[in-house]
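Asks: Take a look and give me a structure for this.
(2 chains)
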Amino acid sequence: MNDKSEHHWSFDYNYGAQNPQFTQELIGTLSEYNRGCYTDIDARDTRAGEAITHIYNILPNYWRGYAGGGAEASLSIGTVIVERSKQDGLWSYVVQYENTTSGEHLRMRFRCCDEHYRPLTERWRVDARNSGDDTYSELTCEGSLVEDSEVRLHINGTEVAAGTVDASAKLTCNWALFDVIPALSQTIRTSNDGIELTLLEDLEQLRPKSRLGFLASVQTPFPLEGYYVYGTGLLPSYWWLDVHGNIAIASTFFETLVLREKIGGIHE
Amino acid sequence: MNKRPNILFINTDQHSWDALSAHGNPYLRTPNIDALHRNGISFRQSYCTDPVCAAARSSWATGLYTSETGVPFNGGHLHPELSDIGQVLNVGGYRAFHCGKWHVPGRNVRESFQTLYYGRRNIGAGGAAYYDSASTHAVADFLTNYDGADPFYLQIGYVDPHDVCEYLHNHEEKRIPNPVEQGIVSEDALPPLPENFDYDARETVLHRVCRRVDDALIHAAILKGIREWDELHWRYLRWNYYRFIEKVDAEIGRILALLRETSLHHKTLIIFSADHGEACGSHQMFQKFTLYEESIRVPFIMACLGDEIPVEKDRFDDTHFVSGVDVFPTVCDYAGIDVPEGLQGTSVRPLAEGRDVPWRDYAYIESNYWGRAIVTERYKYVTEYKPKAVEDFLPPGPDAAQFGLAQLFDRHDDPGETRNLAEDEAYDEVIKMCQDKLLAQEAGLHRQEMVHPNPRRIISNWGDRLRSYWRVMDRI
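Replies: Numbers count the residues shown, from 1 in each chain, chains lettered A, B, ... in the order given. As a prediction, this is how the structure comes out:
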């Protein structure tokens, strides 16, 4: 714990006279979500074809130039929308990541088998757009797993090898962790060493031997269970699961995603 | 076909020379930078001009030392009359492109280069997690659409592993358990403490006031936050640092793959370096700003992934001292463009081609305005100038009468720099030799008064603190 705060250090990024306060905004966003949350399901229980969508605010863990200048009404520097639905026995994901500091807007589409660790299958696609004032404005990247081992990407049509995956490796996308962690939470908790996955970060960067393990349980600001993920070339990130089975907070090294809204699922 | 090559200058930020698996470091994996080494020559006696971002980058941009550029510390401001590498290449018929981190205060990168990507809010000191993958996208977009009509010069400034600074800032106001307490990384997965974790306390006054004392001039809040770190915290800092480097190595890998697949690799010279290093626990220190090896010694690789540009392959050069001032003249040499008068650097091209040419026998480094170092094959001499009684904002030197405290290390017997020999009379001649080199080097510099009010204010404040420390020292 933070010596000066009741909140877990992995999502406590209050600094000095910061205004608005990081933790205050995090709790405010989560409270808003909790008020609207009347479901108690996880994504696996959805009806066929129905989309479930989680919307997250992106809070910058550090302020120096990343959150814009001066006091602002909100710390948020963007949005992540994770939408998925089950069709023909596969999970189809559409993830949109928009960051106003980098100017990068990624639209990532991929499909996964209906298993707990969401193995990546078929072709996937990233459409990147950038709102900066420079030459680069957009890029497309299509990918596939060739012969179950080689990740190949077509970047603006140019094919490049992006690495190989061991036959035994479980390959998934980091954005599927929003479902993988809830689905595997009990397995992770009972495992001494956690579980190993190979992540395809943003559908472009292979992160082999990524480890997923249990971190801690907290009661403030809400009852949450924490999990960690790290691997080669991957700094530890911390994922906090709420009592409804949703990832409420995902804190990577530089930014914290805070659940703002959930749309869809079976309402009880 | 145009005979002039494309030139790709890939730089990382805060990347120590030995933090590469190609250089034998077993605690990280850098397969893509290693590939540059296999396809080129790696200069392992390569030093930055000044161990902090803006200062070192001002040397890349101008081919000058930092007391000449107006940026002898992060708060400096580039002298407006100095030509930068983008301007010179554009005039010489090259298309000069920039992508990613620039960080040369006082010079608008968009006026000197065609910028592929410079962030929505402009890239500052850090923020690799936001910017580096976008930079790779921008370069990928450029390479896959490049028409090949004119040769290009493209400099890519990746921010990582500089984000290790934010890792340290994270400890300013909260206690974070060590990784074993956290339960996420086992102790045996962590790199050991560096062999030079201890240090000889007889450091320069400048170093103590900037980096050691409780109210240190530079990042005192971090210093306070890590005072109670245990061994595992320090080792975890190293573990994290290496993950940042793996991250940027993967970004570089995508660029190299695209170079190959677009067939640009045959006619593209690649220069890889870093602005400065990272202490990473050596001497119980963090970040840069010091004149210890971890902070000032950086990778410098020249490579061609194809076969049209003659470059030595798979070779280490442990003999020649390469400096950040050499980037500009090296690029101009390959581009066939005359360098502006007065540049301090020398083209490294003959060395990359395996030719025997006369070369400097030491490296000269400045730090925090008053700090100086001379590195020779055998010895490392570190000293400082005492602050002037009345600051005139002309960077100090050459003036032996104003030398303050010193450190001398035997690089053969004590590569970790833990035994300061400066007070040993047996080394008086060595110190005299190093001082002569330093003074001779500085006699050839074109130092200029800093005129911008912001750096003057900082130097004024720093000078006051140093003078008060010296008053105490002199009484003792």
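
Asks: in the stretch 1-150 of chain A, which spans are strands?
Replies: A:52-60, A:78-87, A:90-99, A:104-113, A:120-130, A:138-146, A:150-155 (DSSP state E, counting those that start in this stretch).

Asks: Listing partners with orientation, what would you give for the fourth one?
Replies: Meaning strand A:104-113. Partner strands and pairing direction for strand A:104-113 (DSSP bridges) are strand A:90-99 (antiparallel), strand A:120-130 (antiparallel).

Asks: May I see the buried residues of the first one?
Replies: Counting neighbours by 16 or more other Cβ atoms under 10 Å in any protein chain shown, one finds that the buried residues in strand A:90-99 are A:91-99. Glycine gets a C-beta too; all of them are placed from N, C-alpha and C.

Asks: Any idea which helix or strand in chain B has the lowest mean pLDDT?
Replies: Among the helices and strands of chain B, helix B:179-182 carries the lowest confidence by mean pLDDT, DSSP states H and E, at a mean of 89.

Asks: low-confidence ranges in chain A?
Replies: The model of chain A has pLDDT under 70 over residues A:1-4, A:16-17, A:37-48, A:68-72, A:266-268.

Asks: Let's check: the centremost residue of it is which one?
Replies: residue A:175 (4.5 Å; Cα atoms, centre = their mean).

Asks: show me the contacts for the nearest residue to it once chain neighbours are set aside.
Replies: What sits nearest to residue A:175 in space, not counting adjacent residues and going by Cβ to Cβ, 6 or more residues apart in numbering or on different chains, is residue A:95, at 4.5 Å. By Cβ atoms under 8 Å, 6 or more residues apart in numbering or on different chains, residue A:95 lies in contact with A:80-83, A:106-109, A:175.

Asks: Pull the most distant pair out of the residues you listed.
Replies: Pairwise distances across the contacts of residue A:95 (Cβ to Cβ) peak at 14.6 Å, for the pair A:80 and A:109.

Asks: And the two? Which one has more around it.
Replies: Shown here are residue A:80 and residue A:109; by other Cβ atoms under 10 Å in any protein chain shown, residue A:80 has more neighbours (23 against 17).

Asks: Wait, the more buried one touches residue A:257, no?
Replies: Yes: counting by Cβ atoms under 8 Å, residue A:257 is a contact partner of residue A:80 at 5.5 Å.

Asks: Could you name every residue contacting both of the two?
Replies: Joint contacts of residue A:80 and residue A:257 (Cβ under 8 Å, 6+ apart) are A:56, A:58.

Asks: So for residue B:391, what's the pLDDT?
Replies: On the pLDDT scale, residue B:391 is placed at 96.

Asks: Number of residues surrounding it?
Replies: Neighbours around residue B:391, by other Cβ under 10 Å: 17.

Asks: ditto for residue B:411
Replies: 16.

Asks: buried sites along the longest helix seen in chain B?
Replies: Identified as the longest helix of chain B according to DSSP state H is helix B:231-261. By neighbour count on 16+ other Cβ under 10 Å, the buried set for helix B:231-261 is B:232-261.

Asks: With only the CA atoms kept, save the helix or strand harbouring residue B:468 in CSV.
Replies: For residue B:468, the element it lies in under DSSP states H and E is helix B:453-475. Taking C-alpha atoms only, helix B:453-475 is exported to CSV below (Å, rounded to 0.1, in the frame of the first residue of the first chain):
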residue,chain,number,x,y,z
PRO,B,453,16.8,34.0,-19.7
ASN,B,454,15.6,30.6,-18.6
PRO,B,455,19.0,28.8,-18.6
ARG,B,456,20.6,31.8,-17.1
ARG,B,457,18.1,31.7,-14.2
ILE,B,458,18.8,28.0,-13.6
ILE,B,459,22.6,28.4,-13.7
SER,B,460,22.3,31.4,-11.4
ASN,B,461,20.4,29.3,-8.9
TRP,B,462,22.7,26.3,-9.2
GLY,B,463,25.7,28.5,-8.9
ASP,B,464,24.4,29.9,-5.6
ARG,B,465,24.0,26.5,-4.2
LEU,B,466,27.4,25.4,-5.3
ARG,B,467,29.1,28.5,-3.9
SER,B,468,27.5,28.0,-0.5
TYR,B,469,28.7,24.3,-0.5
TRP,B,470,32.2,25.4,-1.5
ARG,B,471,32.2,28.0,1.3
VAL,B,472,31.6,25.2,3.8
MET,B,473,34.2,23.0,2.1
ASP,B,474,36.8,25.8,2.2
ARG,B,475,36.2,26.3,5.9
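
Asks: Skipping its backbone neighbours, what lies nearest residue B:377 in space?
Replies: According to Cβ to Cβ, 6+ apart, the nearest residue to residue B:377 is residue B:361 (7.0 Å).

Asks: what packs against the helix or strand just after the least confident helix or strand of chain B?
Replies: Next in sequence after helix B:179-182, counting helices and strands by DSSP H and E, comes helix B:205-207. On a contact count with 3 or more Cβ pairs under 8 Å, 6 or more residues apart in numbering or on different chains; DSSP states H and E, helix B:205-207 meets strand B:379-385, strand B:403-410, helix B:453-475.

Asks: Apply 6 Å and report the result again.
Replies: Helices and strands touching helix B:205-207, by 3 or more Cβ pairs under 6 Å, 6 or more residues apart in numbering or on different chains; DSSP states H and E: there are none.

Asks: Is there a neighbour count for the residue nearest to residue B:135 when sequence neighbours are not counted? I'd like the number.
Replies: Using Cβ to Cβ, 6+ apart and skipping the chain neighbours, the partner closest in space to residue B:135 is residue B:100 (4.0 Å). Residue B:100 has 29 neighbours, counted by other Cβ under 10 Å.

Asks: so what's the backbone phi/psi at residue B:100?
Replies: In terms of degrees, to the nearest 10, the main-chain angles of residue B:100 are phi 90, psi -150.

Asks: what's the distance between it and chain A?
Replies: 10 Å (Cβ to the nearest Cβ, to the nearest Å).

Asks: Same question for residue B:6.
Replies: The value you get for residue B:6 to chain A, if Cβ to the nearest Cβ is used, is 16 Å.

Asks: Contact residues of the stretch 1-150 of chain A facing chain B?
Replies: Residues of the stretch 1-150 of chain A lying near chain B by Cβ under 6 Å from any Cβ of the partner chain: A:2-3, A:9, A:62, A:65-66, A:101-104, A:128, A:131-132, A:134-136, A:139.

Asks: are any of those buried, and which?
Replies: Judged by 16+ other Cβ under 10 Å, buried ones among these: A:2, A:9, A:62, A:65-66, A:101-104, A:128, A:132, A:134-136, A:139.

Asks: In chain A, where's the longest strand?
Replies: Assignment by DSSP state E gives strand A:205-218 as the longest strand of chain A.

Asks: check whether it contacts chain B.
Replies: Yes: applying Cβ under 6 Å from any Cβ, one finds strand A:205-218 touching chain B at residue A:205.

Asks: Neighbouring strands - and their directions - for whichever helix or strand comes after that strand?
Replies: Sequence-wise, the next helix or strand downstream of strand A:205-218 (DSSP H and E) is strand A:224-231. Partner strands for strand A:224-231, per DSSP bridges, with pairing direction: strand A:205-218 (antiparallel), strand A:234-242 (antiparallel).

Asks: Give me the angle between the first one and helix B:231-261.
Replies: Angle between the axes of strand A:205-218 and helix B:231-261 is 150 degrees (criterion: axes from the mean of the first three to the mean of the last three Cα atoms, to 10 degrees).

Asks: Residues of chain B that sit close to chain A?
Replies: B:115-118, B:120-121, B:124, B:127, B:129-131, B:134, B:137-138, B:140-141, B:144, B:166, B:174-176, B:184, B:243, B:246-247, B:250, B:257-258, B:261.
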